[in-house]
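# below is the sequence, then the predicted model.
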Amino acid sequence: MDKDATRRFRVAVVGCGAIHATHADALAEIPNVSVAAFCDVVPERAEASAARCGGRAETDWTRLLADPGIDAVHLCTPHDLHAPMARAFLGAGKHVFTEKPMGLSVDEGEAMVRAADESGRTLGVCFQNRCNATSLALRDLVRSGRAGRVRGARALLTWSRDAEYYTGSDWKGTWRREGGGVLINQAIHTIDLLQWALGLPAELKGTVDRRSLADVIEVEDTAEATFRHVDGTRTYVFVTNGYVTDAPVEIEVVFEKATARLRGELVVTWDDGHVETVAERSVRTDAKAYWGGGHRDILRDFYECLAAGRPFALDGREGLPALRILRAWYESDRKRDWVRV
């Protein structure tokens with residue numbers, strides 16, 4: 001891998017749906033990165049992005065494979081395209097940064113990791129909430145042991161997705177292309193934070209259901225599960241897309257000496273009455289504020305690592321645990337039993 005901190009990277013953004021503008025705006029703030037192309041099967045979307053941000057418009061992603069002027073590719077495509085596109089671009093010598101989920105199955109994710117290893121290129125996965133100051137502080141509290149051992153935890157995600165959100169798409173709400181519903185699309189970030197801070201659970205028992213949009217989608221809009229960890233502690237998780245608004249995600253961890261509650265800011269209440277608060281340093285104020293501001297931080301780190309020849313922390317292997325939990329959750333619902341993760 002090149003080790004040149006001044007190296008410039010020319011980037012292609014593939015997929016010009018809702019999330020791609022967040023990538024494009026973050027990339028515009030990185031001095032050694034320029035977007036060379038926007039690609040989408042809908043010409044008007046690619047053209048609009050190219051007009052707004054610069055670069056050329058493409059409709060056929062395979063044309064980018066042999067383009068020597070493209071160093072890295074951002075995958076903002078439907079879920080089912082992440083794995084095949086990533087393997088193809090890695091095989092063509094491009095670095096890849098993919099939106100979550102990295103694939104629809106653990107097998108797909110592992111194949112992506114192998115492709116990165118074989119190509120010598122970097123595969124990054126967009127779990128940007130790990131960059132939040134509050135997430136980092138919660139993980140440090142767990143790892144440091146300052147508050148004693150973890151006694152238990154819970155997480156709550158209550159967001160809103162109406163029928164139009166799904167009917168306006170040719171892939172959302174389907175098992176074949178989205179790979180699931182609220183779990184794999186929205187709650188995957190919360191699930192990743194839980195396992196990142198508390199460790200991968202040994203087993204789980206969970207259910208999925210359609211409570212709000214049974215006549216619109218074939219995937220779940222509501223799910224709940226109990227995670228059982230190797231030390232016997234449990235984490236309880238409830239998620240839904242059927243609420244009336246996108247409420248802040250809540251994570252609570254109860255320790256021997258304190259209780260930590262993450263809801264926007266992180267508040268740690270110690271048993272002696274002392275309270276510590278960690279505010280989020282990077283906050284969005286637009287309609288997608290609940291996504292957080294971590295895209296800027298994670299993308300800056302990705303390209304700094306590429307330029308310096310350092311490993312990127314949130315690579316394909318780091319993207320796999322959340323996918324393992326999701327697939328185990330769906331399997332548990334089918335079996336109506338505990339499933340090992």
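Looks like it came in fine.
# CA atoms for contacts and neighbours, from now on please.
Noted.
# run through who's touching stretch 207-222.
If you take CA atoms under 8 Å, 6 or more residues apart in numbering as the criterion, stretch 207-222 is touched by 162-163, 166-167, 173-175, 180-183, 223-225, 238-242, 329-330, 332-333, 336.
# give me the subset of those residues lying in strands.
Counting by DSSP state E, these place 223-225, 238-240 in strands.
# quick one, helices of this protein?
Taking DSSP state H, the helices of the chain run over residues 20-27, 43-53, 79-91, 106-119, 133-144, 163-167, 182, 188-198, 294-308, 316-335.
# who does the lengthiest strand in the chain pair up with?
For the chain, the longest strand by residue count, based on DSSP E, is strand 150-158. Here strand 150-158 is paired, per DSSP bridges, with strand 234-240 (parallel), strand 250-255 (antiparallel).
# enumerate every residue touching the residue most central in space within the chain.
By CA atoms, centre = their mean, the chain has its centre lying nearest to residue 127, at 3.6 Å. When contacts are counted by CA under 8 Å, 6+ apart, residue 127 touches 99-100, 189, 192, 314, 319.
# let's see it at 10 Å
98-101, 188-190, 192-193, 294-295, 298, 314-315, 318-319, 322 (CA atoms under 10 Å, 6 or more residues apart in numbering).
# save the strands paired with strand 150-158 as a markdown table, and put in mean pLDDT and mean neighbour count too.
Below are the strands paired with strand 150-158 laid out as a markdown table (pLDDT from 0 to 100; neighbours: other CA atoms under 10 Å):
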| stretch | mean pLDDT | mean neighbour count |
| --- | --- | --- |
| strand 234-240 | 98 | 21 |
| strand 250-255 | 98 | 21 |
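# okay, those in CSV with distance to residue 63 next?
Output for these, formatted as CSV (distance: least, CA to CA, whole Å):
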stretch, distance to residue 63
strand 234-240, 39
strand 250-255, 43
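# looking at these, which is nearest to residue 92?
strand 234-240 (38.5 Å; CA to CA).
# quick check: angle from that closest one to helix 188-198?
170 degrees (axes from the mean of the first three to the mean of the last three CA atoms, to 10 degrees).
# what distance do you get for the closest residue in space to residue 129 that isn't next to it in sequence to residue 271?
Computed as CA to CA, 6 or more residues apart in numbering, the closest residue to residue 129 that is not its neighbour in sequence is residue 294, at 5.6 Å. Using CA to CA, to the nearest Å, residue 294 is found at 31 Å from residue 271.
# thanks a lot, see you next time.
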